[in-house]
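> Got a sequence here, can you build the structure:
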Amino acid sequence: MPYALVTGASRGIGQAMAAELARCGYHLLLAARSEQQLQAVAAELRQQYGVEVRVYAQDLAAPGAAAALATWAAAQTQELSVLINNAGYGLWGKFEDLSLAEQQNMLQLNMLLPTELAHALLPLLRQQAKAYILNVASTAAYQAVPTLTLYAASKAFLLSFSRGLRYELRETNVSVTCLSPGSTTTNFADRAGMNASLQETANKVSMTPLQVARIGIQAMFTGAAEVIPGALNRVSAALTSFVPKSLTEKIAAGIYEKHLK
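This next block holds a predicted model:
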């Protein structure tokens, strides 16, 4: 049976994707920072789906983490056919007020980790009959978002990287898809430092991790270039192609800045 590697698999969208892949019969390699949470997820998936689940607990933003994870994954199996780059987080606030070190940590996790993993594991993926890479971006990838400035920029990078890599691999066995969710009921807002009033606003249009995961996995297996879950999210992203950038930035700032203390 084939294996899938999922980063950020201890909770939220990553956990839901792991469950969906297990349901589809994949053995799993799960990576995240919290070993206790990973072990709990692994135990549940083994019991429910009867698949093999191995875990790798590590701070994936740490120096050398991507290379170490890729080496570990290759040592677990030569049947790796799915790479899901889901690990990532955001930081909310004005660029100059946020810690530079923490913003650099975010960029490492959001951009360099998926880049390095894809580069390290492509030789193994190329050995399979069919293989897939799914990069999890965000609807923030489609426009600048004041107070989420570097987060949005990192997701724009991931979207562009996914499309470029997809084209380069168009005549190979490896398909690349980019998933760009909107607001989802995960711990993203807490991790980003968003206050209760902003979270309440976001929750009005949130999707569940399982909804997002199922849409993303289906798009990956059908070979889609990119997918945006939710009709409202798709409309919002499409409008950025027609509305002046200065206006979309003003609208985004109006949503987020008013909640800053």
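
> what mean pLDDT does whichever strand or helix holds residue 254 have?
For residue 254, the element it lies in under DSSP states H and E is helix 245-256. Mean per-residue pLDDT for helix 245-256: 83.

> Point out where the stretch 51-200 of the chain drops to low pLDDT.
189, 192, 194-200 (pLDDT under 70).

> residue boundaries of the strands in it?
Ranges of strands within the stretch 51-200 of the chain are 53-57, 80-85, 131-136, 174-179, based on DSSP state E, counting those that start in this stretch.

> Looking at the ones you listed, which is nearest to residue 161?
Minimum separation from residue 161 across these (CB to CB) falls at strand 131-136, 7.2 Å. Glycine gets a C-beta too; all of them are placed from N, C-alpha and C.

> What is the end-to-end distance of stretch 228-248?
Start-to-end span of stretch 228-248 (CA to CA, to the nearest Å) is 18 Å.

> Please disregard the earlier target; I meant stretch 49-68.
Where stretch 49-68 starts and where it finishes are 28 Å apart, if you go by CA to CA.

> Now do it: everything it contacts.
With contacts defined as CB atoms under 8 Å, 6 or more residues apart in numbering, stretch 49-68 is touched by 1, 7-8, 18-19, 22-23, 25-35, 38-39, 41-42, 45-46, 69, 72-73, 76, 87, 105-106, 108-109, 112-113, 116-117, 120.

> Quick check: buried residues in it?
Within stretch 49-68, the residues that count as buried by 16 or more other CB atoms under 10 Å are 49, 51-58, 60-61, 65-66.

> Grab the two from the residues you listed that are most spread out in space.
Across the buried residues of stretch 49-68, no pair lies farther apart than 49 and 61, at 29.6 Å, counting by CB to CB.

> Which residue is the nearest non-sequential neighbour of residue 191?
residue 89 (4.8 Å; CB to CB, 6 or more residues apart in numbering).

> Pull up the gap between that neighbour and residue 187, please.
Remark: distance between residue 89 and residue 187 (CB to CB, to the nearest Å) = 9 Å.
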